[in-house]
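Peer 1: Give me coordinates for this.
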Amino acid sequence: SISPPMSKFLLIVSLIACLAVLAVLLFGVGTFAKGGDFNRKYANKIMRARLIAQALAVALIVLTAWLARGGD
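Peer 2: Sure, this is the predicted structure:
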């Protein structure tokens, strides 16, 4: 089990990571809806950024849950 301050810190970092995923997702949806040259040029890069942010967020959530459980 981890200390409460560390648990709170990991929870906050996990929430920030989730908000970053949401921001990238909304940005990508917005550019897709608008279309145009920007979307054609950057759509795959935006999707890749979302996938990386999402993987990081999931890893942080799993790490937080694992450490809160006792790290067994």
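
Peer 1: What is the lengthiest helix in the chain packed up against?
Peer 2: The helix spanning the most residues in the chain, taking DSSP state H as the definition, is helix 36-69. Applying 3 or more CB pairs under 8 Å, 6 or more residues apart in numbering; DSSP states H and E, one finds that helix 36-69 makes contact with helix 4-34. The C-beta positions use only the backbone N, C-alpha and C, and glycine is treated the same way.

Peer 1: report the angle between the axes of the longest helix of the chain and helix 4-34?
Peer 2: Helix 36-69 and helix 4-34 are oriented at 160 degrees to each other (axes from the mean of the first three to the mean of the last three CA atoms, to 10 degrees).

Peer 1: List the buried residues in helix 36-69.
Peer 2: Within helix 36-69, the residues that count as buried by 16 or more other CB atoms under 10 Å are 46, 49-50, 53-54, 56-57, 60-61, 64.

Peer 1: Turn these into JSON lines, including pLDDT and distance to Pro4.
Peer 2: Formatted as JSON lines, those follow (pLDDT from 0 to 100; distance: CB to CB, whole Å):
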{"residue": "Ile46", "pLDDT": "96", "distance to Pro4": "37"}
{"residue": "Ala49", "pLDDT": "97", "distance to Pro4": "33"}
{"residue": "Arg50", "pLDDT": "96", "distance to Pro4": "32"}
{"residue": "Ala53", "pLDDT": "96", "distance to Pro4": "27"}
{"residue": "Gln54", "pLDDT": "97", "distance to Pro4": "27"}
{"residue": "Leu56", "pLDDT": "96", "distance to Pro4": "24"}
{"residue": "Ala57", "pLDDT": "97", "distance to Pro4": "22"}
{"residue": "Leu60", "pLDDT": "94", "distance to Pro4": "18"}
{"residue": "Ile61", "pLDDT": "93", "distance to Pro4": "18"}
{"residue": "Thr64", "pLDDT": "89", "distance to Pro4": "13"}
